[in-house]
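1. Mind folding the following:
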Amino acid sequence: MTKVNDHEAREKLLTRREAAAFLTERGLPISPKTLASRASRGNGPEYEIFLNRAVYKPSKLLGWADRERKYPK
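-> Presented below is the predicted three-dimensional model:
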């Protein structure tokens, strides 16, 4: 069994629509449809399934967005 720290256990889970809004509000525009597409291809943010719905932790969304960011050389 994976050990979860207290912060992760209390972190609010976001629906795909909420996750897209969360990222967009932080200047990282993405749609729920794009998140779904990325999830099906395996190159999106980490998510969990709850009652047949994808749910996202904000910390995982921000970590993924940071890894996806490209910086000019």
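
2. so where do the helices sit in this structure?
-> Ranges of helices within the chain are 6-10, 16-25, 32-41, 58-68, based on DSSP state H.

3. Okay, angle between the longest one and helix 16-25 too, please.
-> Just to be clear, that refers to helix 58-68. Put simply, helix 58-68 runs at 60 degrees to helix 16-25, going by axes from the mean of the first three to the mean of the last three Cα atoms, to 10 degrees.

4. Quick one: mean pLDDT over helix 58-68.
-> Mean pLDDT, helix 58-68: 95.

5. Over to the shortest one?
-> When the per-residue pLDDT values of helix 6-10 are averaged, the result is 62.

6. so what's Gly44 up against?
-> Gly44 sits next to Leu35, Ser37, Arg38, Trp64 when contact means Cβ atoms under 8 Å, 6 or more residues apart in numbering. Any C-beta I mention is one placed from the backbone N, CA and C, and that applies to glycine too.
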